[in-house]
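Enquirer: Got a sequence here, can you model it:
(chains A, B, C and D)
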There are 2 protein chains.
Amino acid sequence: MKLSKQFPLNALRVFEAVARLGSFTRAGHELGMTQTAVSYQIKLLEENIGAPLFLRMPRQIELTEAGEHLAPRVSEAFAILVEAMASMRKTTEETLTIHSTATFAQQWLSRYLGSFQLEFPHIAVRLVTSGHIVDFQKEAADVAIRWGRGDWPGLISHRIMKLDFAPMLSPKLAAEIGGVHEPEDLLKLALISAGDPWWAQWFAAAGVKDPDLSRYPKSEFGTQILDASIAIAGGGVAMLNPGHFQDDVAAGRLYQPFELTGSDGRDYWLAYPENRRNVPKIRNFRKWLLEKFDVQQA
Amino acid sequence: MKLSKQFPLNALRVFEAVARLGSFTRAGHELGMTQTAVSYQIKLLEENIGAPLFLRMPRQIELTEAGEHLAPRVSEAFAILVEAMASMRKTTEETLTIHSTATFAQQWLSRYLGSFQLEFPHIAVRLVTSGHIVDFQKEAADVAIRWGRGDWPGLISHRIMKLDFAPMLSPKLAAEIGGVHEPEDLLKLALISAGDPWWAQWFAAAGVKDPDLSRYPKSEFGTQILDASIAIAGGGVAMLNPGHFQDDVAAGRLYQPFELTGSDGRDYWLAYPENRRNVPKIRNFRKWLLEKFDVQQA
DNA sequence: TGCATCCATAAAGAGAACTTATCCATGAAA
DNA sequence: TTTCATGGATAAGTTCTCTTTATGGATGCA
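Expert: Sure thing, here's the model as predicted:
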């Protein structure tokens, strides 16, 4: 179906109002234009069709046969458009799409999102976890939780969590080797995702010279969640973000032998497009999230 | 349902084309506008909705979830509008509404209209007979057959038949009184619609002095058809337009004793609004009608 | 590496649509 | 009957949306 540029959409909109209100003047009033403009549009439409749509009586107008035929179809079509646009606006206003790293989603969001829903029951949340960094141009995302340096152009970023890391293992495994007292003790155990640069960085910070990490398998699992699962199962020592695994530590599933944490200068950030900072659902989410992390807000 | 002036109808039209063709450039081409204009309209719509409708990939675009949701509704609505307008145009282009006097409709149009339908099979004819003079402003009429002086402002008028009149009666009735030889003979018979000024006018033209028409009943029947029926039934002499009753004369039902006809300067005219003279159905009807009456055409 | 394709942006221009001012016709009220 | 209020039509001038022109950036293809 082709809709040429000269299809009189505006005139039809005006016609709909006039047909419904039975008056040029009233229609103009509703549409926020003068009676003259209404008259002009109706004339345009009548010329386009080639037949009068209204009978001009002294102090009133009446639909002609043609107008009587056209009116219901026009209002039906416009009703569909209005309804479609309304539902569109509603869903975009009321569903918040969060892109997040898998780890953050699982270890943090999944636990606390409930309180957000309670606080903002009319906002539906769609949580999308993806490995790659979100491009707001290309994905229908409202906000993203990323890690990095927070210097993304066009985005507003709030640091929500320091991304530091420390070795963690199951208390049982630690006991098996008579406890972990010195950083070097860790080298007796399997290092999970040993290829991760965080290992070398942490050992360097701990003053361990030449830990020879090359003798461990180089496999990497990509998400801390997996590393953590292995560690909890006693499969070795994982390099994890303590902030994410406080619960497991508290429950005795994981044990962090050293306070020392490493950091590569990258942290967790909440980010969203600068030009959408005032969209209510985004503002609400930002406020809620930053409060949870006790971040000073502007 | 209210459709405010800023409801983005144009943008929706553009959106429909883009969604269907999958390209700003192609949509612009179809709509007869540049890619830039399409881009502008889509952006407008996206701002109005508050969510992107297309994912901008390097060399292609893709509907977002939102766009995917909106597109079918929009095309449905526009399909209804297009269909309604098309059927509207079609019926107004293809049905010709003729307003006519009852006499002309019955005595002339009803007999010859068939040949018009044969010649223009795609034009449907609606024939409306009405006593009052048609106001093209107030009635959905395309053409009118009227009698008068042809000097109606805003209308184009073609004289199609002289409106003259002559006494007519049934041959049988004429024989009963030994034939009608002199105008005075008519006064022996009942004069139908004797109050009609045409009687006085005709007798004056015939040189009959003081016919004393007041002794006849003053009843008038309004249409020549009725007068004619009475005359055919032998109920008296009627003052009729010979042009309308040629067939009855030929068939021996009526008899016109004198060649002399009266006229009050008013004739039958085909009339239609000046500004619609080039509407095809009107042009076709005018040509056909004037040919039937051998009228010189411009 | 160069060319073609496709969309985005900025600035300037065109033209449709709107407003102001005025008129006309009619019905109701004085 | 005259006057006033209502509702629409018309003409001319103006506004402002939409469009185009010009340009740039990104990507895929040869």
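
Enquirer: The closest residue to A:Glu65 other than its chain neighbours: how many residues sit nearby?
Expert: What sits nearest to A:Glu65 in space, not counting adjacent residues and going by CB to CB, 6 or more residues apart in numbering or on different chains, is B:Ala140, at 5.8 Å. C-beta coordinates here come from the backbone N, C-alpha and C atoms, glycine included. For B:Ala140, the neighbour count with other CB atoms under 10 Å in any protein chain shown is 19.

Enquirer: contacting residues for B:Ala140?
Expert: Contact partners of B:Ala140, counting by CB atoms under 8 Å, 6 or more residues apart in numbering or on different chains, are A:51-52, A:55, A:64-66, B:97.

Enquirer: element containing it?
Expert: Using DSSP states H and E, B:Ala140 sits within no helix or strand.

Enquirer: With distance to B:Asn275, pLDDT and neighbour count as added columns, please give the contacts of B:Ala140 in a markdown table.
Expert: Formatted as a markdown table, the contacts of B:Ala140 follow (distance: CB to CB, whole Å; pLDDT from 0 to 100; neighbours: other CB atoms under 10 Å in any protein chain shown):
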| residue | distance to B:Asn275 | pLDDT | neighbour count |
| --- | --- | --- | --- |
| A:Ala51 | 13 | 85 | 23 |
| A:Pro52 | 12 | 87 | 23 |
| A:Leu55 | 17 | 87 | 17 |
| A:Thr64 | 17 | 87 | 19 |
| A:Glu65 | 20 | 83 | 16 |
| A:Ala66 | 17 | 86 | 20 |
| B:Thr97 | 16 | 88 | 20 |
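
Enquirer: Keep only those residues that also lie close to DNA strand C.
Expert: With the criterion set as CB under 7 Å from any atom of the strand, no member of those is near DNA strand C.

Enquirer: Now for those: which two are most distant?
Expert: Farthest-apart pair in these is A:Leu55 and B:Thr97; separation 13.6 Å (CB to CB).

Enquirer: how near is A:Pro211 to B:Gln41?
Expert: For A:Pro211, the distance to B:Gln41 equals 61 Å [CB to CB, to the nearest Å].

Enquirer: In terms of neighbours, single out the busier of those two.
Expert: Ranked by neighbour count (other CB under 10 Å), A:Pro211 and B:Gln41 place B:Gln41 first, with 24 against 20.

Enquirer: what's the more buried one in contact with, if anything?
Expert: Neighbouring residues of B:Gln41 by CB under 8 Å, 6+ apart: B:10-11, B:14-15.

Enquirer: Next: A:Pro257.
Expert: With CB under 8 Å, 6+ apart, A:Pro257 has these contacts: A:167, A:169, A:174, A:180-181, A:185-186.

Enquirer: Apply 6 Å and report the result again.
Expert: Counting by CB atoms under 6 Å, 6 or more residues apart in numbering or on different chains, A:Pro257 makes contact with A:Val180.

Enquirer: Where does it sit, in terms of helix or strand?
Expert: Counting by DSSP H and E, A:Pro257 is part of no helix or strand.

Enquirer: A:Glu30 too?
Expert: Element membership for A:Glu30, per DSSP H and E: helix A:24-31.

Enquirer: Show me what counts as buried in the very next helix or strand once past that helix.
Expert: Downstream of helix A:24-31, the next assigned helix or strand under DSSP H and E is helix A:35-49. Within helix A:35-49, the residues that count as buried by 16 or more other CB atoms under 10 Å in any protein chain shown are A:37-39, A:41-42, A:45-46, A:48-49.

Enquirer: what residues are up against A:Ala166?
Expert: By CB under 6 Å, 6+ apart, the contact set of A:Ala166 is A:242, A:256, A:261.

Enquirer: Now do the contacts for the last one.
Expert: The one in question is A:Thr261. Shown in contact with A:Thr261 (CB under 6 Å, 6+ apart): A:164, A:166.

Enquirer: where's it relative to DNA strand D, distance?
Expert: Distance of A:Thr261 to DNA strand D, computed by CB to the nearest atom of the strand, to the nearest Å: 36 Å.

Enquirer: and that residue, what are its phi and psi?
Expert: Backbone torsions for A:Thr261, taken as degrees, to the nearest 10, come to phi -120, psi 150.

Enquirer: And for A:Arg126?
Expert: Dihedral angles for A:Arg126 - degrees, to the nearest 10 - are phi -120, psi 120.

Enquirer: so the nearest residue to it once chain neighbours are set aside, which of the three states?
Expert: Take A:Arg126 and drop its neighbours on the chain: the residue closest to it by CB to CB, 6+ apart is A:Thr97, 4.5 Å away. Going by DSSP: H, G, I helix; E, B strand; the rest coil, the secondary structure assigned to A:Thr97 is strand.

Enquirer: which residues does A:Thr97 contact?
Expert: If you count contacts by CB under 6 Å, 6+ apart, then A:Thr97 has A:126, A:141-142 around it.

Enquirer: could you redo the last one with a cut-off of 8 Å?
Expert: A:126, A:128, A:140-143.

Enquirer: A:Tyr112 contacts A:Phe293, correct?
Expert: No - at 10.2 Å, A:Tyr112 does not count as touching A:Phe293 under the criterion of CB atoms under 8 Å.

Enquirer: Which ones among the buried residues of helix A:35-49 also lie next to DNA strand C?
Expert: A:37, A:41.

Enquirer: Just want the phi and psi numbers for A:Leu191.
Expert: Dihedral angles for A:Leu191 - degrees, to the nearest 10 - are phi -90, psi 120.

Enquirer: swap that for A:Arg56, please
Expert: Here is the backbone geometry of A:Arg56 (degrees, to the nearest 10): phi -90, psi 100.

Enquirer: Quickly list what it is bridged to.
Expert: A:Ile61 (DSSP bridges).

Enquirer: Is there any residue in the helix ranked longest in chain A that contacts DNA strand D?
Expert: As assigned by DSSP state H, the longest helix anywhere in chain A is helix A:65-94. No - against DNA strand D, helix A:65-94 shows no contacts by CB under 7 Å from any atom of the strand, the least distance being 12.6 Å.

Enquirer: List the buried residues for that helix?
Expert: Buried-residue list, helix A:65-94, by 16+ other CB under 10 Å: A:65-67, A:70-71, A:73-75, A:77-78, A:80-82, A:84-85, A:88, A:91-93.

Enquirer: try stretch A:116-135
Expert: By neighbour count on 16+ other CB under 10 Å, the buried set for stretch A:116-135 is A:116, A:120, A:123, A:125, A:129, A:134.

Enquirer: Same question for stretch A:203-211.
Expert: Those would be A:203, A:206, A:211, for stretch A:203-211 by 16+ other CB under 10 Å.

Enquirer: and the last one, that one's in a strand?
Expert: No - going by three-state DSSP, the assignment for A:Pro211 is coil, not a strand.

Enquirer: now it: how far from B:Met57?
Expert: As defined by CB to CB, A:Pro211 lies at a distance of 45 Å from B:Met57.

Enquirer: again, but for the second one
Expert: For A:Ala206, the distance to B:Met57 under the criterion CB to CB works out to 47 Å.

Enquirer: And A:Gly252, by the same measure?
Expert: For A:Gly252, the distance to B:Met57 equals 49 Å [CB to CB].

Enquirer: Let me know the closest of the buried residues of helix A:35-49 to chain B.
Expert: The closest of the buried residues of helix A:35-49 to chain B turns out to be A:Ile49 (CB to the nearest CB; 5.2 Å).

Enquirer: Find the nearest non-adjacent residue to that closest one, please.
Expert: Spatial nearest neighbour of A:Ile49, chain neighbours left out: B:Met88 (5.2 Å); criterion: CB to CB, 6+ apart.

Enquirer: Could you do A:Pro280 as well?
Expert: A:Glu93 (7.1 Å).

Enquirer: Local confidence estimate at that neighbour?
Expert: Predicted confidence (pLDDT) for A:Glu93: 81.

Enquirer: Does it touch A:Ile282 like I think?
Expert: No - using CB under 8 Å, A:Glu93 makes no contact with A:Ile282, being 10.5 Å away.

Enquirer: Alright, calling it a day.
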